[in-house]
Every structure is written in structure tokens, then in C-alpha cells.
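> mind looking at a prediction? Sequence and model below.
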Amino acid sequence: MNDNTSIKIARLITLEKKFRTAENLSELGFVCANELRSVVDYNFLFFLTKTATGRQKVQTISDISVVDRTAPTVTFVERLINKKKVDTGVFSEVSISDLREDGLNLDLPENFPNELMVVPLISRTKGDLGSLVIVRSAKVSNTEKELLQHIAETFSHALDSFLSQGSILSFFGRIFSGWLKWLILSAITFAMFMPINISAVAPVEVIAKNPSVVTSPVNGVVKKVLVNTNDAVDIGTELVKLDDLNFKSQYEINLQELEVAEAELLRAKQSSFTNDEAKAKLVELSTEVALKKKQVAYAEEQLKYSVIKAEVSGVAVVEDFIDWQGRPVNIGEKILTIANSDDIEFLIYLPTKDSLFIEKSARVKVFLDSSPLSSIEGKILRTSYKPELTAENILAYKIHASLEDNIEPPRIGLRGSAKIYGDRTSLFYYIFRVPINISRQFLGI
């Protein structure tokens, strides 16, 4: 054995030792890409691994620490391997000049060495793991070819230990084969035609059914809302106080005008015995006194309305409690509502993209955020004719649903999700209903 052969054997043993002592996949690839040059000379070496989709991807390049995936050489090598221009299952040799003569549109990089060798990395347990692509100016000799094949076997064994053995794709690859594959496909096909109730999930809110609306009886400005949401109120409970400064001023002015009119009437009565002109004004002054009395009564009534009281008992529901203070209101404008806590219903906002044909008395199952593990059964009462924009700026239909009997009603204001059940359909349509709608909109059919 000559000295040159001894040196190469020693280098080969050293390289295999580094393969075995590598701590991770990156270190293993770096050792192979750079240390293999001590055994077989080359210009560049590309280490590629097989991805879950079956494509090969460059992991390491000799003399380069970080792989630039947009580099022309990286793109060329990956396209050459993945487009099956080279047989990756066996040791292959390709000349770049031959590729140019064949007219292959692979964006060949400039000044690229002419000879390219593909060394497959095959594992006995996992099969094809990737490739080593060696680029050099001269063809490999038979001795170098044998060395590369031997190194590829050793490297594949080391690479096998770093690749995940429990990936999802490998798991399905093991069980989804043979007669079991056809059994599973048959079961899935049969299940697609199983009839089920089509359903949709939408946001839901607990609201009062037939609440009493409290409106402003006069034009004015809200001074203070005297109750909070969920406060219990009785008949006569003060709810809202309006700013009464203008009402008091108007009432006092009308009182003074009434006193003036009564004084003029009294003076005219006293003068009527001797003055015919004063006697003629008695009817006019009496009418003016009666008018002033009505104005005083109206002003007094408005002053009473400055405090709005409850006409029914129940639970107060106030929206934007703080924003109401100082807000001007007109006659008939809603301020708050009084609800019966035992008489509630569900308000469901069904987005138009999830809309389905809903019959009256259709079944509803409500899951409130306060109790996500339990559900409440209900039935559809009515549905809005056209969709409206919600607070979240989503176009949705308003659906009102009742509560099943003999169930304790939840608190007004609670929110959650509601599942609405529609007509019966196949499992296939239930799963692919949304993609079908999107496809029809996209394709215009």
C-alpha cells in the first residue's frame, strides 16, 4: 500500500468519525460539504434533503456558512434535481455543456464548472433522504466513484439518526397503504353522503322580550341618569333627571305674568262701576287670566317631567351610561328600557356569508361565554327581512330566538355563540359549503 492510499484511507476514517460525532443536522451537513474535499476533490458541493412534499431543498453549500435561496446556483441545482432532469435514485453524471445543447431552460449560471455528479442518499429504513451534488471541472474516476458511494452510505446512516421518525407524513405513509388505504377511502366516500342537519354558528346576546321603553317627555338636556344597568326598579322609581333650570325659570315667569293679569282684572272690576271703558275690558282681561293660568299649569307640568319616573317594575337596561350626561334629548327619544328579567329572548347576528335557509321554530343551541360547557335550547321566533351592519361592521341578519320552557333564564346582557340548525343535507355539502360559495363568486357561475 503506497503512502497516497494510506493518507486517503486515514482521511476517510477521520471523515466517518466526524459524521458519527456530529451533534445536529447543521453540523453534519457542514462537515460533509467541507471535509469531503480531503478525500475527493471538487469545486462546489451541495447537500440537499428531501422535504415532506417530496421536493429536494439545498441545506448546505461548501465554503458558504449561510445559504442564499435566491442565488442563481442554488436555484439552478434545485430546479435540476426537482424537475427530474437527473436520475436521483442512482449515481449520475451530467455535463453542463450537454444541458446547453439540449436547450433546457434552467437558467444556467455563468462560469459554472462543466461536470456535475449526483450522489443519492439512501436509507434502508426511510428510503430516499436527499442528494449530494458535486460540481467540478473533470469527470470522476472509478476509484473516486467508489469512494463517493461508500461515503454516501455512511453519511446516509448518520443523516437517518437526525431525521424525525415520528412525523405525521411518515405515520400516515405507514398506515395508509395496501388494503387499509382502500378501506379508509371507501369509508370516507360513504360518510360524505350521510345526511346531517346543516348548521351555522353566530354571535348571540341575551336581550329582554317586550321591554318597556323610557323616552323623554319634553325637550331638554339630561342632567343625570339615576339608575345603572341591571338595577331593580319599581313603579315610581326616579330614573332620569333632566336639567330643570329653564323649566323653573319659565314656571316663575308664568306665575308673575298671572299675578299681573289678575291685578289688572281686579283693577278693571273696581273701576267698572264708574268707568264704562274699564267695564268693556272685563271680558278681555278675564280671558287673559284664564290663559295665564293654563300657561302656569303647563309650565308646572313640564317642571314635574324634569324627573322621569318608572311606570312599570323590572330591571333597568342603560346603554352608554356616562355619555348620557349632558346630552340634549327631544320629545320621544329613547333613554333606557325597563325589562322583565324573567322574560328574555336571544338576539343572534348571523353573517350573510354563513346564511342558510331557516324555518320558523327551527332549533337553536346557545353557548354563553359565562358557561361554555353547558348549552341552552331554543327555537327561532322571527328573522329580519334584510341584513344590517352590526357594531363590528359585519353585514348580518338579526334572528330572534325564544327560550325553552322550564329553564332558568340567563341574565340580560350575556353574550356567547349560537348554533342554528337548518335543513338536512349531505356531509359533503356541509363541509364544502363555504368553499363552494367562494368558488361560485370567483368563477361567476
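Yep, it's here. Because the structure is predicted, anything quoted here is derived from the model rather than measured.
> which helix or strand in the protein has the lowest average pLDDT?
Ranked by mean pLDDT, DSSP states H and E, the weakest helix or strand in the chain is helix 168-175, scoring a mean of 58.
> where exactly do the helices run in the stretch 101-250 of the chain?
Assigned by DSSP state H, counting those that start in this stretch, the stretch 101-250 of the chain shows helices spanning 142-162, 168-175, 178-192, 245-271.
> mean pLDDT for those helices: which is lowest?
Note on the helices of the stretch 101-250 of the chain: helix 168-175 shows the lowest mean pLDDT, a mean of 58.
> of the helices of the stretch 101-250 of the chain, which is nearest residue 286?
Among the helices of the stretch 101-250 of the chain, helix 245-271 comes nearest to residue 286, with 6.2 Å by Cβ to Cβ. From N, CA and C alone the C-beta is placed, and that goes for glycine too.
> so how far is that closest one off the chain centroid?
Averaging C-alpha positions (Cα atoms, centre = their mean, to the nearest Å) puts helix 245-271 68 Å from its chain's average.
> what residues sit buried inside it?
Neighbour-count burial for helix 245-271, counted by 16 or more other Cβ atoms under 10 Å, picks out 246, 247, 250, 251, 254, 257, 258, 261, 265, 268.
> mind putting those residues into JSON lines with distance to residue 340?
Formatted as JSON lines, the buried residues of helix 245-271 follow (distance: Cβ to Cβ, whole Å):
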{"residue": "246", "distance to residue 340": "35"}
{"residue": "247", "distance to residue 340": "32"}
{"residue": "250", "distance to residue 340": "37"}
{"residue": "251", "distance to residue 340": "36"}
{"residue": "254", "distance to residue 340": "40"}
{"residue": "257", "distance to residue 340": "46"}
{"residue": "258", "distance to residue 340": "44"}
{"residue": "261", "distance to residue 340": "49"}
{"residue": "265", "distance to residue 340": "53"}
{"residue": "268", "distance to residue 340": "59"}
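> residue 342: neighbour count?
Per other Cβ atoms under 10 Å, the neighbour tally for residue 342 reads 11.
> same question, residue 194
Residue 194 has 10 neighbours, counted by other Cβ under 10 Å.
> re the thing from before, distance to residue 121 for the helices of the stretch 101-250 of the chain - can I get that in a markdown table?
What follows is these, written out as a markdown table (distance: least, Cβ to Cβ, whole Å):
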| stretch | distance to residue 121 |
| --- | --- |
| helix 142-162 | 4 |
| helix 168-175 | 17 |
| helix 178-192 | 27 |
| helix 245-271 | 91 |
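> out of the ones you listed, which is closest to residue 384?
With Cβ to Cβ as the measure, helix 178-192 is the member of the helices of the stretch 101-250 of the chain nearest residue 384 (33.6 Å).
> of all the helices of the stretch 101-250 of the chain, which one is nearest residue 215?
Closest to residue 215 of those, according to Cβ to Cβ: helix 245-271, at 17.4 Å.
> show me what that closest one is packed against.
Helix 245-271 sits against helix 276-280, helix 282-305, with contacts defined as 3 or more Cβ pairs under 8 Å, 6 or more residues apart in numbering; DSSP states H and E.
> repeat the analysis, applying 7 Å as the threshold.
helix 282-305 (3 or more Cβ pairs under 7 Å, 6 or more residues apart in numbering; DSSP states H and E).
> list the buried ones in the helix or strand just after the helix it packs on?
Reading on from helix 282-305 to the C-terminus, the next helix or strand found by DSSP states H and E is strand 307-309. Residues of strand 307-309 classed as buried by neighbour count (16+ other Cβ under 10 Å): 308, 309.
> who are the packing partners of strand 307-309?
Short answer (3+ Cβ pairs under 7 Å, 6+ apart): strand 307-309 packs on strand 238-242.
> only C-alpha atoms, please: export the strand it packs on in PDB.
Taking Å, rounded to 0.1, in the frame of the first residue of the first chain, the C-alpha atoms of strand 238-242 are listed here in PDB:
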ATOM      1  CA  GLU A 238     -86.800  58.000  39.700                       C
ATOM      2  CA  LEU A 239     -84.900  57.100  36.600                       C
ATOM      3  CA  VAL A 240     -83.600  60.200  34.800                       C
ATOM      4  CA  LYS A 241     -83.200  63.800  36.000                       C
ATOM      5  CA  LEU A 242     -83.300  66.500  33.300                       C
END
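> which residues touch that strand?
Strand 238-242 has contacts (Cβ atoms under 7 Å, 6 or more residues apart in numbering) with 214, 220-227, 233, 306-310, 335-336.
> in the lengthiest strand in the chain, what counts as buried?
If you go by DSSP state E, the chain has its longest strand at strand 195-208. The neighbour-count check on strand 195-208 (16+ other Cβ under 10 Å) flags 198, 199, 200, 202, 203, 204, 205, 206, 207, 208 as buried.
> cool, stretch 215-224 as well?
Applying 16+ other Cβ under 10 Å to stretch 215-224 flags 216, 217, 218, 220, 222, 223 as buried.
> other SSEs contacting the helix or strand in which residue 35 is found?
Assigned by DSSP H and E, residue 35 belongs to helix 25-35. Applying 3+ Cβ pairs under 7 Å, 6+ apart, we find helix 25-35 packed against helix 3-21, strand 44-50, strand 56-61, helix 142-162.
> could you give me the buried positions within the longest one?
The one in question is helix 142-162. In helix 142-162, counting by 16+ other Cβ under 10 Å, buried: 144-145, 147-148, 151-152, 155-160, 162.
> now that helix against strand 44-50, angle please.
40 degrees (axes from the mean of the first three to the mean of the last three Cα atoms, to 10 degrees).
> for the shortest one, same thing?
Between strand 56-61 and strand 44-50, the angle comes out at 140 degrees (the same axes, to 10 degrees).
> give the contact list for the closest residue to residue 49 other than its chain neighbours.
Sequence neighbours aside, residue 130 is the residue nearest to residue 49 in space, at 4.1 Å (criterion: Cβ to Cβ, 6 or more residues apart in numbering). Residues near residue 130 by Cβ under 7 Å, 6+ apart: 48, 49, 50, 56, 121.
> the nearest residue to the third one once chain neighbours are set aside pairs with what?
Closest residue to residue 50 in three dimensions, ignoring its sequence neighbours and counting by Cβ to Cβ, 6+ apart: residue 130, at 5.0 Å. When bridges are taken as DSSP bridges, the partners of residue 130 come out as residue 49, residue 121.
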